[in-house]
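Engineer: Just a sequence and a predicted model for now, questions to come.
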Amino acid sequence: MVETVIVPLIMIVTVLAAVLVTVMYIVLLERKVQAWVQVRLGPMRVGPHGLLQPLADVLKLFLKEDITPARADKGVFTAAPIIVLVPALIAFAVIPFASGLSLFGIEIPGRIADVNVGLLYIISVAGIGIYGIILGGWSSNSKYPLLASLRSSAQLISYEIAVTMTLVTVIMLSGTLSMVGIVNAQLEKGWWFGFMQPVAFAIYFIGGLAETNRAPFDLPEAEQELVAGFHTEYSGMRFAFFFLAEYANMIVVSAVATTLFLGGWLAPFPNVQALSFLGLVPGWAWFMLKTFGFLYVFLWVRATFPRYRYDQLMRLGWKWLIPLAILNVVVTGLVKVLV
Amino acid sequence: MQTDTPRPMFDTDELVINMGPQHPSTHGVLRLILKLDGERVLDCDPVIGYLHRGIEKLSENRDYTQIVLLTDRMDYVAAATNNLGYVETVEKLYAIEVPRRARYIRTVLSELQRVASHLLWLGTHAADLGALTVLLFGLRERELILDLFEEYCGARLTYNSMRIGGQPVDVPPGWDKRVLAFCDIQEQKLPEYEQLLTHNRIFMERTKNIGVISGADAAALGICGPPLRASGVLRDVRKDEPYAAYDEMEFDIPLGTQGDTYDRYLVRLEEFRQSLRIIRQAVQGLPEGPIMGKVPRLIKPPAGETYHAIEAPKGELGYFIVSDGKSVSPYRFRVRPPSFCNLQALPRLVKGHLVADVIALIGTIDIVLGEVDR
């Protein structure tokens, strides 16, 4: 009873709360990082150094009027933000945050569930979110959101393929689809897969930027071109759902990258004796550190690069990333067979 | 009419979207009616007039000294050059001799203004393409120029910094040193922008071969200023018909070869350096003497008409003034604004490009709607 129902329930609540709080603070971090790059201070007024800014933001969004355009398809318009947000949150179900610990004699695992097809689950769940974007843009019955949602559907389909191909190489190396299994495989091999598969890691990173609609691939919400993109007609909490989902997706992509390529909760160089003191830091701390490092790069890229154009983005995806990812799979397979 | 051709089963239609006047990146209140096929622009129809204040008509009911104030409000990011064009036109009409020191101060002010205007252009152009950081970098340096202007004439945006016949005030003590210090700072900061943009792959892909226009076409359309020079046409009023103290300055005119958005960027970037060069020469060679020429108390030019153009940051800014010899206000006052003439080229430039390029092209022709509509 305790280990089958209560512990998972507590885990779910904890993870969900942690993710939502992280999302709120990632928004603050983004504003801060961008401000520092741009010789500004960023939010400074609400709380010390703007630390309470996320609360103010959420409060503001709650108090905003919730508008449904008169000619929108109301059912779909309401469903779209939910379709976007829910997959972004449930993807965290299989991500292993730590190796697990024992508390008062109860075994507490470091993840909500260790599904044996965990990676497949994440790929499929992440694929659902795009429907929300397309439906949201379409049901608004407005031209700019429509253009934006068409852009995003094309973008996501092309980058999904490249990203999935890089995941295939990881599966080939680890021989398992379980997220915990993949981390353990990295422990056994003594190498993080990021070092063994630098090409796959690079493609995954670029594809991850594109899949989360982040700069320089933030075409669906290119505010300079398409006003606010697919969520132009949304306001209040429905807008906040899209916003939350975008940042939750960033965390998912970073967490998956950490698990697949950066050894998850493992300390760096677990097999080097001289560095064994690094093992004193708990696993979840390493996991957080790596994930936030990855997230920081997301923000850094945004502050540095201009935006790709739609056709250039498609060309990059189809002509470079997908062939490269497939070639990478073939080479990995050959090496595995021959060596 | 093609009424006889059968309609295809899956009918396709052009998508007409209205970009502006409240669009985030039409640089003010420009409205574009775009006809799209997917994301490709088939046609573009600019609608202007949302910022029309009737400055030309107003000027015909003000006396000559009051009009300087109105010119501030045309190209509000380059007020000093607007002032300069106007006061020089009246001086030409009235045959007033301007002291050399005043002409030098005018040169410094108008080149500082060019740098400030180009900084704002650079920032907004880059921000339109998604590179937000350059905007803030540009504004950071523009702030220093605004400080210099504030110190000189007390205002930061609408300067009212010139008078018919000379300058209202002399430069404050130590101002020349601060201007030179600014030139050094600006020179150091230029590589920062270049690092973010010039060799950035994404920026190059977004701007190369976008909105190409040949020199002959550009001249035929009446394009002026940096966009014209980027198409390889050597035309700069500062060299061709020198005014203020430009005949005593040494500077080069950067020219482009391709006439695309990237060339227009490179030309303006080089103009920063040339402007700094002019500012340094003018400040270091600032002659002694009076700052105000002999001007009658009541400015009432003899009957006649005159046209005079200067090289404003955005292109050739011309004023046409008709005086009837009886009144203290112009009989007819007409402005040839560079933004308006360059905006004409937009439909030509965007045809066949994508929606994202429209934004890049609005940015590259560098318009200010206050000047387009007046």
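Structural biologist: Here it is on my side, so go on. Just so we're clear, the structure is a prediction, and the values are computed from it rather than from any experiment.
Engineer: what helix or strand does the residue in the stretch 1-150 of chain B that chain A sits nearest to sit in?
Structural biologist: Among all residues of the stretch 1-150 of chain B, residue B:130 sits closest to chain A, at 2.9 Å; criterion: CB to the nearest CB. In this view, the C-beta of every residue, glycine as well, is placed from N, C-alpha and C. Per DSSP states H and E: residue B:130 is located in neither a helix nor a strand.
Engineer: Pull the number of nearby residues for the residue nearest to it when sequence neighbours are not counted.
Structural biologist: Of all residues not flanking residue B:130 in the chain, residue A:307 sits nearest, at 2.9 Å (CB to CB, 6 or more residues apart in numbering or on different chains). Residues lying near residue A:307 (other CB atoms under 10 Å in any protein chain shown) number 26.
Engineer: doesn't residue B:128 make contact with residue A:307?
Structural biologist: No - assessed by CB atoms under 8 Å, residue A:307 is found out of contact with residue B:128, at 9.2 Å.
Engineer: How about the residues of the stretch 101-250 of chain B by chain A?
Structural biologist: Those residues of the stretch 101-250 of chain B that sit near chain A, judged by CB under 8 Å from any CB of the partner chain, are B:126-133, B:135-137, B:140, B:196-197, B:200, B:202-203, B:205-206.
Engineer: helix/strand/coil for the closest residue to chain B within chain A?
Structural biologist: Proximity of chain A to chain B (CB to the nearest CB) peaks at residue A:307, 2.9 Å away. At residue A:307 the chain is in coil, as set by DSSP: H, G, I helix; E, B strand; the rest coil.
Engineer: Would you mind measuring from it to residue A:39?
Structural biologist: The gap separating residue A:307 from residue A:39 is 21 Å, by CB to CB, to the nearest Å.
Engineer: ok so, going back, wait, isn't the residue of the stretch 1-150 of chain B closest to chain A in contact with residue A:216?
Structural biologist: Yes - with contact defined as CB under 8 Å, residue B:130 counts as touching residue A:216 (6.4 Å).
Engineer: joint contacts of the two?
Structural biologist: Counting by CB atoms under 8 Å, 6 or more residues apart in numbering or on different chains, the shared contacts of residue B:130 and residue A:216 are A:305-307.
Engineer: for those, which one is nearest residue A:232?
Structural biologist: residue A:307 (17.3 Å; CB to CB).
Engineer: rewinding a little: could I get the shared contacts of residue B:130 and residue A:216 in JSON lines, plus columns for pLDDT and distance to residue B:308?
Structural biologist: Below are the shared contacts of residue B:130 and residue A:216 laid out as JSON lines (pLDDT from 0 to 100; distance: CB to CB, whole Å):
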{"residue": "A:305", "pLDDT": "84", "distance to residue B:308": "44"}
{"residue": "A:306", "pLDDT": "83", "distance to residue B:308": "39"}
{"residue": "A:307", "pLDDT": "82", "distance to residue B:308": "42"}
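Engineer: mind showing which ranges of the chain have poor pLDDT?
Structural biologist: You didn't say which chain, so I picked chain A. A:1-2, A:100-108, A:110, A:219-228, A:270-279 (pLDDT under 70).
Engineer: wrong one, I was asking about chain B
Structural biologist: In chain B, residues with pLDDT under 70: B:1-12, B:24-26.
Engineer: From the centroid of it, which residue is nearest?
Structural biologist: By CA atoms, centre = their mean, chain B has its centre lying nearest to residue B:314, at 2.3 Å.
Engineer: how deep is residue A:336 tucked in, by neighbour count?
Structural biologist: 12.
Engineer: Hmm, residue A:174 and it touching each other?
Structural biologist: No - counting by CB under 8 Å, residue A:336 does not reach residue A:174; the two are 11.6 Å apart.
Engineer: Against residue A:26, how distant is residue A:98?
Structural biologist: Residue A:98 is 20 Å from residue A:26, by CB to CB.
Engineer: I meant to write residue B:82 there.
Structural biologist: 46 Å.
Engineer: of those two, who's got more company?
Structural biologist: Neighbours of residue B:82 and residue A:26, each counted by other CB under 10 Å, are more numerous for residue B:82; the result is 31 against 23.
Engineer: Quick check: the more buried one is in a helix.
Structural biologist: Yes - with three-state DSSP as the criterion, residue B:82 is located in a helix.
Engineer: ok, for it, nearest residue in space, not its chain neighbours?
Structural biologist: Using CB to CB, 6+ apart, the nearest residue to residue B:82 is residue B:71, at 4.1 Å.
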